[in-house]
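Asker: Okay, sequence plus prediction incoming.
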Amino acid sequence: MKEMELLLKTVSDGLRILAQGAEVIADKLEAFAEQGETEAPPSAGKDIPVHDTADEQAVKKRPRKTPGPRAARARKAAHGSDRVYEAISQAGGPVGLDELAEKTGLNKKQVHNALYKLKKQGRVENVGKAVYKTVG
């Protein structure tokens with residue numbers, strides 16, 4: 001019980017100190033607003049670089065010549081699931097996970113991810129444990 005009282009007193013003291021700090025900050029902000037200054041007070045030792053907006057508008061960004069990394073990942077992901085779907089459809093019947101990994105050249109985790117996407121799209125279904133076939 002005494003430990004709890006000590007803990008609550010410590011928390012109470014900490015909150016009181018935080019409240020006092022917040023009051024000091026609020027007072028400084030009010031004084032700053034009353035002065036009507038539009039610029040911030042100078043910092044203690046560090047110069048803040050100022051960018052001229054006219055210069056920024058004059059400089060135009062060049063368009064990318066190649067797609068970014070997200071586009072490459074999306075292509076690669078679609079390519080992997082397409083390879084898995086092709087392997088299942090070429091087999092003509094149910095295909096096991098190990099056989100799919102061997103035919104596609106993907107590791108088992110990549111095949112699992114591709115199968116998840118294909119099942120979500122409704123293109124593939126489970127026949128048994130780790131055995132899949134095309135729908136339709």
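Answerer: Arrived safely, thanks for sending.
Asker: quick check: longest helix of the protein.
Answerer: Secondary structure of the chain per DSSP state H: the longest helix is helix 2-35.
Asker: Could you pull out the buried residues of that helix?
Answerer: Of the residues in helix 2-35, none is buried by neighbour count under the rule 16 or more other Cβ atoms under 10 Å. Where you see a C-beta, it was placed from the backbone N, CA and C, and this is true even at glycine.
Asker: and the helix or strand encompassing residue 120, which residues are buried?
Answerer: Using DSSP states H and E, residue 120 sits in helix 108-121. Buried residues in helix 108-121, counted by 16+ other Cβ under 10 Å: 110-115, 117-118.
Asker: quick revisit: for the longest helix of the chain, what is the average pLDDT?
Answerer: Averaging pLDDT along helix 2-35 yields 90.
Asker: Let me have the buried residues of helix 108-121 in JSON lines, adding distance to residue 91 and pLDDT as columns.
Answerer: Formatted as JSON lines, these follow (distance: Cβ to Cβ, whole Å; pLDDT from 0 to 100):
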{"residue": "110", "distance to residue 91": "18", "pLDDT": "92"}
{"residue": "111", "distance to residue 91": "13", "pLDDT": "92"}
{"residue": "112", "distance to residue 91": "17", "pLDDT": "92"}
{"residue": "113", "distance to residue 91": "19", "pLDDT": "92"}
{"residue": "114", "distance to residue 91": "15", "pLDDT": "92"}
{"residue": "115", "distance to residue 91": "14", "pLDDT": "91"}
{"residue": "117", "distance to residue 91": "19", "pLDDT": "92"}
{"residue": "118", "distance to residue 91": "14", "pLDDT": "91"}
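Asker: Nearest to residue 126, out of those: which one, please.
Answerer: The closest of the buried residues of helix 108-121 to residue 126 turns out to be residue 115 (Cβ to Cβ; 8.7 Å).
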